[in-house]
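Any chance you could fold what I've pasted below:
(2 chains)
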Amino acid sequence: MSTMVSVRNFLSGSHSKLKFAFSLKILHLDLLNVIMVLHQIQSVILNYGNETQELLKWASRSGNLGLRVLWLILHFAVTIWYFLLGVVQSFESFLIASDILTKYEALDISKVRYLAMVIDSEEAQELSKVLELLQWVADIGVKSVCLYDPEGVLKNNKEPIMQRFSSANLSEEAAVNGRLVTRRNLTLEFVSFEDGKEAVAKAANYLFVKHYANGTKEKSDFTEPQMAEALGAIGSGGAEPDLLLIYGPTRCHLGFPAWRLRYTEIVHMGPLKSMSYGSLVKAIFKYTMVHQNYGS
Amino acid sequence: MEPQKHSLVGRLCGSSISHMRRFLFDVLSAGPIPNHVAFILDGNRRYARKWKLGEGMGHRAGFLSLMSLIKYCYELQIKYISIYAFSIDNFKRKPHEVKCLMDLMLEKIEGMLKERTIVEEYGVRVYFIGDLKLLDDNVRHAAEQAMKATAKNSRSILLICVAYTSTDEIVHAAQESCEQLCDELQALKPSEAPFGKISDELQALKPSGAPFGKISEELHEMVHAAQESSEQLGNELQALKPSGAPFGKINEIAKEKLSGTPFGKVNEIAKKKLSGAPFGKISEIMNGKEEEKPEEKEQGEANGEMQEDKSVEKSKEPSEEEKHEELGKEKQGDFPNGEKLENASEEKQELSNGKLEEKSEEEQKGFVKEMKEVQPNIKLSDIERNMYMGVAPDVDILVRSSGETRLSNFLLWQTWNGLLYSPKALWPEVGLEHLVWAILNFQRAHPLFEKRKKQF
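Numbers count the residues shown, from 1 in each chain, chains lettered A, B, ... in the order given. Take a look at the predicted model:
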């Protein structure tokens, strides 16, 4: 009681303090009860804080979940777009193959001096498809082709391909799939991943032996023709292709030798399993047209 | 009042667009984000012609779109951005056009050095990639300043390729690797070891801090097979003080190495040498080594590499052996006694002073001959390390504007596992939607890229 009196006296100094003293008086509290109330308020606030934290955590998790769901929806939309695009393209290639769209007949094949084809290694194991594709390429009139696959699957299966396309009899007519096909020859080159980066390391060794033989550097720096010569000397030389067709799931050149890829036009044809004669013709035609306009 | 209202509305619109963009980026970030994106800035001149802007205005418009694309990339947390600003082929354009581009570049670099807003905000480190010697002095100087000024940043990296072509980069990397190999082979300082293998083994020795102990152990193993007094030699080696062996001897040791003895044995010889073991011992031990060499050479031949050089080497061997025997005999008299250690060191000094000039000429010729037979071992990792673009990982997405499908000698080496994207828009027209489409395609193809990365 005495403490209450002293508190009251202390608080009687100003208006707000009077209010406080008044409220205290109304509530009939002594100091101990005040402290208990404060404790209770504190615990309520803390609980509220915990709950808010929990709420925020849940919100962020569900927010992440929400974003993830939106991402999946976005990709689903992209997949639908590609599906529709695929339908349109296969219809177009059907039209081209049946000679309905006649503009593709005026194909000037001499513009394609060297054609390169990058085939995904897993798909390259289906040799029949590769042979069919090469037959189409030969039918269009291309004379030399470079075949690349990163793991060297085509290199290992050289024999059947070479046999088919490098026979001694030039214009033998053979029955293939019920159609009479003129047997054409193709100059084939088989390249794999090692002919790209590893070959440059070997070429550097070759150049080292050639130019650093005196123990000190010869006066000049290496030049690009010297590197080209070195690459040729170790067996990874080869012409630069004009056009590179990628048969694979992604539009990526899969490590085709960098030295030969400088000004090559790169076209993605889709996976090998969905290859079509029409898309091949269209790609080659587009290449020849483009280079007609700008000059090579 | 009116202008204020406009700016308020403008600001609201702007901020809502940026909020939407940030939201879009948040959705995209739910999937894999590329680490390195490259841009070929093609189509500025065509844009200028299309919209009838003045000459050089196309490049400025292109610069604006570049800045906004870089900002978007950094918001998406793409760490490495490369841009193809100027190719070595572009030097063939009309001189005043080249000058215009160079002036623009200089202006932008200096602007970046002064203002540094994007640089500071995103912690950008700038690299100028290419053969910078081909640039004008003031541009090159500004570029070097910019590289130095931003060297401390590391959150994002911007690689600006000027005077760059991929083939030039490959040739330069090969050149650098050859130079480094040449330097290693001619290493005159004891601390430098010829060929990577020796230096690796030496480095392995260094932490142990007891080179003599190790070397004497290896000496034991090695020499025991060749000579009977090997154990004495080993003990005496431990007792003798190290001293810097003369240069001529080192060359000789290097020669031994280069003549194709299997690396293991020769490494040991070189190790002993480079730890400062005395002059005479080594010649003696080398004597012993010579006897073993023919056997080991047969092994080497089985690998099929040294067949051509075999005959040349064999003819040289006698001369080497003669030299070694000469030295060895001088020493042999002393060591079995184990008493004349001081004499040994004196004789060593003599040899080092007197014979050095004589020897060095012969050895130089021998060295030259040896170099011709060397099988240099420049590895792919050496080439990759010496590339200009060695500071960045492989490219994930390459964007070339204007619908061209060529790479035009840009990053041919680094895009082996990257998506190529060619939007038809000219460079100043390339914007957010193209970037988003490229990233969506990257995310679709990402599992395949990861698989291929593990394979190679």
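
Residue ranges in chain B under the pLDDT threshold?
B:1-6, B:188-374 (pLDDT under 70).

contacting residues around A:Val200?
Neighbour list for A:Val200: A:Leu231, A:Ala258, A:Trp259, B:Ile170, B:Ala173, B:Ala174, B:Leu380, B:Ile383 [criterion: Cβ atoms under 8 Å, 6 or more residues apart in numbering or on different chains]. Where C-beta positions appear, they are placed from N, C-alpha and C, glycine not excepted.

got CSV for those residues, with secondary structure and neighbour count too?
As requested, the contacts of A:Val200 are exported to CSV (DSSP: H, G, I helix; E, B strand; the rest coil; neighbours: other Cβ atoms under 10 Å in any protein chain shown):
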residue, secondary structure, neighbour count
A:Leu231, helix, 23
A:Ala258, helix, 24
A:Trp259, helix, 25
B:Ile170, helix, 26
B:Ala173, helix, 25
B:Ala174, helix, 27
B:Leu380, helix, 16
B:Ile383, helix, 22
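
Going by distance to B:Gly31, which of those residues wins?
Nearest to B:Gly31 among those, counting by Cβ to Cβ, is A:Ala258 at 29.4 Å.

burial measure for the residue of the stretch 1-150 of chain B found nearest chain A, as a count.
Here the stretch 1-150 of chain B gets closest to chain A at one residue, B:Ala30, 3.8 Å apart by Cβ to the nearest Cβ. Residues lying near B:Ala30 (other Cβ atoms under 10 Å in any protein chain shown) number 19.

so, in contact with chain A or not, stretch B:125-137?
No: judged by Cβ under 8 Å from any Cβ of the partner chain, stretch B:125-137 makes no contact with chain A; its nearest approach is 10.3 Å.

how near is A:Asp108 to chain B?
Applying Cβ to the nearest Cβ, to the nearest Å, the value for A:Asp108 to chain B is 19 Å.

A:Val267 versus that residue, what's the distance?
A:Asp108 sits at a distance of 17 Å from A:Val267 (criterion: Cβ to Cβ, to the nearest Å).

Equivalent analysis for A:Gln89, please.
13 Å.

try B:Ser422
Distance, B:Ser422 to A:Val267, using Cβ to Cβ: 10 Å.

which residues are in contact with both of those two?
Counting by Cβ under 8 Å, 6+ apart, the residues touching both B:Ser422 and A:Val267 are B:Thr405.

Show me the helices in the stretch 51-200 of chain A, by range?
A:121-124, A:127-140, A:153-156, A:158-165, A:197-211 (DSSP state H, counting those that start in this stretch).

And the helix or strand encompassing A:Met289, what does it pack against?
Using DSSP states H and E, A:Met289 sits in helix A:277-294. Under the contact criterion of 3 or more Cβ pairs under 8 Å, 6 or more residues apart in numbering or on different chains; DSSP states H and E, helix A:277-294 touches helix A:31-97, helix A:127-140, strand A:243-247, strand A:265-270.

Show me what the longest one is packed up against.
Using 3+ Cβ pairs under 8 Å, 6+ apart as the contact criterion, the neighbours of helix A:31-97 among helices and strands are helix A:2-11, helix A:277-294, helix B:2-28, helix B:432-455.

out of the helices and strands packed on helix A:277-294, deepest packed?
Comparing these by mean neighbour count (mean count of other Cβ atoms under 10 Å in any protein chain shown), strand A:243-247 comes out on top with a mean of 24.

neighbours around B:Gly56, how many?
By other Cβ under 10 Å, the residues close to B:Gly56 number 16.

My guess is it contacts B:Leu104. True?
Yes: counting by Cβ atoms under 8 Å, B:Gly56 touches B:Leu104, with 7.1 Å between them.

per-residue confidence for A:Ala59?
If you check A:Ala59, the pLDDT there is 77.

Quick check: the most centrally placed residue in chain A vs chain B, distance?
Centroid-nearest residue in chain A: A:Thr250, 5.3 Å away (criterion: Cα atoms, centre = their mean). Taking Cβ to the nearest Cβ as the criterion, A:Thr250 is separated from chain B by 4 Å.

so that residue touches B:Phe449, yeah?
Yes: counting by Cβ under 8 Å, A:Thr250 does reach B:Phe449; the two are 7.4 Å apart.

Can you work out which residues contact both of those two?
Overlap of the contact sets of A:Thr250 and B:Phe449 (by Cβ under 8 Å, 6+ apart) consists of B:Leu419.

Could you list the low-pLDDT ranges of chain A?
Looking along chain A with the criterion set at pLDDT under 70, you get A:1-15, A:17, A:20-29, A:167-183, A:214-219, A:291-296.

Using the record, which stretches count as separate domains in chain B?
Per the record, chain B has its domains at B:1-29, B:31-177+B:384-455, B:195-313+B:359-374, by automatic domain parsing.

Strands along chain B, start to end?
Shown for chain B, the strands assigned by DSSP state E span residues B:36-40, B:80-87, B:124-129, B:156-164, B:397-400, B:419-421.
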